[in-house]
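*Asks:* no sequence for this one, just the structure:
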């Protein structure tokens, strides 16, 4: 598992996701799904429904364990699917990285040591 020093990673600090690697990782875990499905999953990761921190954590744990429900058009027909964040069957498709000092700036600057799974912070404390 590679390790990184957060400030050395060039990225947008207002976004906790490291999208440069997130998109290829989700494609690798979900090779059967079209780009539109992956794009909707990333949109949902960026834009959690309203609610408090506990509710958002419940939603994220559901995404992590069961996948992100998405709707998309395939050859003009609307379809639905689950975009999985982890591949529990073929674990070599998953990528992990330990990162210290992962900075996120929202209302204030928060910095944590985290484990990045497919380049989204999955463990840590802000």
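*Replies:* All right, it came through fine. Bear in mind the structure is a predicted one, so any value in this text is a computation, not a measurement.

*Asks:* What residues of the helix or strand hosting residue 54 count as buried?
*Replies:* If you go by DSSP states H and E, residue 54 is part of helix 53-66. For helix 53-66, the neighbour count (16 or more other C-beta atoms under 10 Å) marks 60, 63 as buried. In this view, the C-beta of every residue, glycine as well, is placed from N, C-alpha and C.

*Asks:* That one - contacts with which helices or strands?
*Replies:* Packing contacts for helix 53-66, counted by 3 or more C-beta pairs under 8 Å, 6 or more residues apart in numbering; DSSP states H and E, involve no helix or strand.

*Asks:* Kindly calculate the angle that the helix or strand that contains residue 78 makes with helix 53-66.
*Replies:* In the assignment (DSSP H and E), residue 78 maps to strand 77-83. Using axes from the mean of the first three to the mean of the last three C-alpha atoms, to 10 degrees, the inter-axis angle of strand 77-83 relative to helix 53-66 is 100 degrees.

*Asks:* in this protein, which spans are strands?
*Replies:* Assigned by DSSP state E, the strands in the chain fall at 3-5, 68-74, 77-83, 96-105, 109-117, 120-123.

*Asks:* Can you flag the weakest of the ones you listed by average pLDDT?
*Replies:* Looking at the strands of the chain, the lowest mean pLDDT belongs to strand 120-123 (a mean of 49).

*Asks:* And the pLDDT for residue 58?
*Replies:* On the pLDDT scale, residue 58 is placed at 87.

*Asks:* Residue 71 and residue 89: what is the separation?
*Replies:* According to C-beta to C-beta, to the nearest Å, residue 71 stands 24 Å off from residue 89.

*Asks:* Neighbour count for these two, which is higher?
*Replies:* Counted by other C-beta atoms under 10 Å, residue 71 and residue 89 do not tie: residue 71 has more neighbours, with 11 against 7.

*Asks:* Pretty sure that one sits against residue 77.
*Replies:* No. Applying C-beta atoms under 8 Å as the test, residue 71 and residue 77 come out as separate, 11.2 Å apart.

*Asks:* Good, wrapping up.
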